[in-house]
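Colleague: sequence and predicted structure, then a few things I'm wondering about:
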Amino acid sequence: MRFAVSPMWEVAPSFRLLRSATAHPVHRPWTDQVRPRMMAAGLDRGWLSELIPPTGYVPDFLNPAPAGPAPTPAAERDAILLSPADRVRQDLDHLARHQGNLGPRLRALHNHPQDLLAKVTEEIETYWELALAPYWARIQAVLDTDILYRARLAAEHGTGHLLNDLHPSLNWADNTLRIARRKQPMTRTTAGTGLLLIPSAFTGPGLRTRTTLPDPPQLAYPARGVGSLWTARPATRVDTLSAVLGRSRTLLLTELEIPASTTQLAHRTGLSPAGVSQYLTALRKAGLVSAHRAGRSVLYARTTAAETLLQAAST
């Protein structure tokens with residue numbers, strides 16, 4: 001049994017959330033920011049809109065088994081590109097049984113998977129850069145914290161206690177892991193060996209599973225701490241950090257509580273666009289800021305290193 005943080009396991013549930021008309025009690029700050037960008041990019045009418053229905057089954061080839069504890073988005077997209085044609089067709093047939101039929105685009109993918117998977121992964125990359133990459137440092141921190149908690153639980157109380165604490169629908173007893181209300185049984189004849197546990201920020205409140213031989217069964221569960229994911233962080237002591245970074249760079253980092261473009265940052269801080277661009281370049285070279293393409297704009301976001309720095313300065 002092992003844990004992994006998987007970018008692709010966040011794509012489908014987050015995409016569903018953006019297409020839902022219901023305001024989510026936890027993720028609304030994120031959806032309010034991202035939904036307009038998703039609509040402007042036309043992602044609500046693309047490949048993902050057909051591959052990820054509002055409810056029910058999502059094709060398994062979109063969630064390749066993570067090869068390590070924290071695969072990059074690019075590595076997981078490469079794994080999707082290498083999906084066997086038979087696997088893609090089988091998953092699309094399964095999707096058709098759930099949805100009733102496939103549209104022209106997915107029928108074309110069914111007929112020519114090796115030719116069209118590149119278009120699917122290109123759209124996934126666009127969605128990632130627009131919707132998840134600017135927020136990934138914050139999301140990954142929650143997922144990593146969850147794994148540390150689970151690992152300590154297993155070390156102190158054993159694997160059985162860990163599994164029984166993971167989710168209300170899971171039960172470990174008599175050397176068997178049972179999942180309540182799962183429509184299809186998950187046995188050693190239908191799944192590979194081992195168990196891959198994947199904490200997720202957007203999966204919830206239920207579980208998501210994937211059983212595809214010869215991969216180990218994957219189980220995505222709601223991570224601890226998601227409820228505070230978008231809560232505003234404690235105010236940074238600007239004077240303390242300014243002595244190290246300078247006032248303008250510190251101001252930009254604090255403003256990047258929400259990812260923003262150069263123009264937006266200039267408007268919010270009163271700095272000139274040229275000055276903002278210069279400071280962002282310096283912060284990016286220092287590993288404190290990352291840049292992500294969103295249509296015609298570039299969104300800047302704080303990195304994990306920046307989040308750690310700001311947290312230290314606020315204590």
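Modeller: Done, it's in.
Colleague: strands of the stretch 51-200 of the chain, start to end?
Modeller: With DSSP state E, counting those that start in this stretch, the ranges of strands along the stretch 51-200 of the chain come out as 170-173, 176-179, 196-200.
Colleague: give me every residue that touches the nearest residue to residue 194 once chain neighbours are set aside.
Modeller: Of all residues not flanking residue 194 in the chain, residue 216 sits nearest, at 3.8 Å (CB to CB, 6 or more residues apart in numbering). Every residue, glycine included, has its C-beta placed from N, CA and C. Neighbour list for residue 216: 65, 191-196 [criterion: CB atoms under 8 Å, 6 or more residues apart in numbering].
Colleague: okay, the residues you listed in JSON lines with distance to residue 168, pLDDT and neighbour count next?
Modeller: Shown next, in JSON lines, are the contacts of residue 216 (distance: CB to CB, whole Å; pLDDT from 0 to 100; neighbours: other CB atoms under 10 Å):
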{"residue": "65", "distance to residue 168": "25", "pLDDT": "90", "neighbour count": "21"}
{"residue": "191", "distance to residue 168": "22", "pLDDT": "73", "neighbour count": "20"}
{"residue": "192", "distance to residue 168": "26", "pLDDT": "76", "neighbour count": "16"}
{"residue": "193", "distance to residue 168": "26", "pLDDT": "83", "neighbour count": "9"}
{"residue": "194", "distance to residue 168": "23", "pLDDT": "87", "neighbour count": "11"}
{"residue": "195", "distance to residue 168": "18", "pLDDT": "90", "neighbour count": "17"}
{"residue": "196", "distance to residue 168": "20", "pLDDT": "94", "neighbour count": "19"}
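Colleague: which of these sits closest to residue 311?
Modeller: Checking the contacts of residue 216 against residue 311 with CB to CB, the nearest one is residue 196 at 30.3 Å.
Colleague: what's the neighbour count on residue 22?
Modeller: 8 (other CB atoms under 10 Å).
Colleague: same check, this time on residue 43
Modeller: Residue 43 has 21 neighbouring residues, counting by other CB under 10 Å.
Colleague: now the helices for the protein?
Modeller: With DSSP state H as the criterion, the chain has helices at 8-19, 28-40, 47-51, 73-81, 85-99, 104-111, 113-127, 136-157, 159-166, 238-245, 247-255, 262-269, 273-285, 304-313.
Colleague: right, and those - which one's nearest residue 180?
Modeller: Nearest to residue 180, of all the helices of the chain, is helix 159-166, at 12.4 Å by CB to CB.
Colleague: pLDDT of stretch 168-184, averaged?
Modeller: What stretch 168-184 shows for mean pLDDT is 84.
Colleague: tell me the buried residues in that stretch?
Modeller: Using 16 or more other CB atoms under 10 Å as the test for burial, stretch 168-184 gives 170, 172, 177.
Colleague: now swap in stretch 302-315 and tell me
Modeller: So, applying 16+ other CB under 10 Å, buried residues of stretch 302-315: 302-304, 306-307, 309-310, 313.
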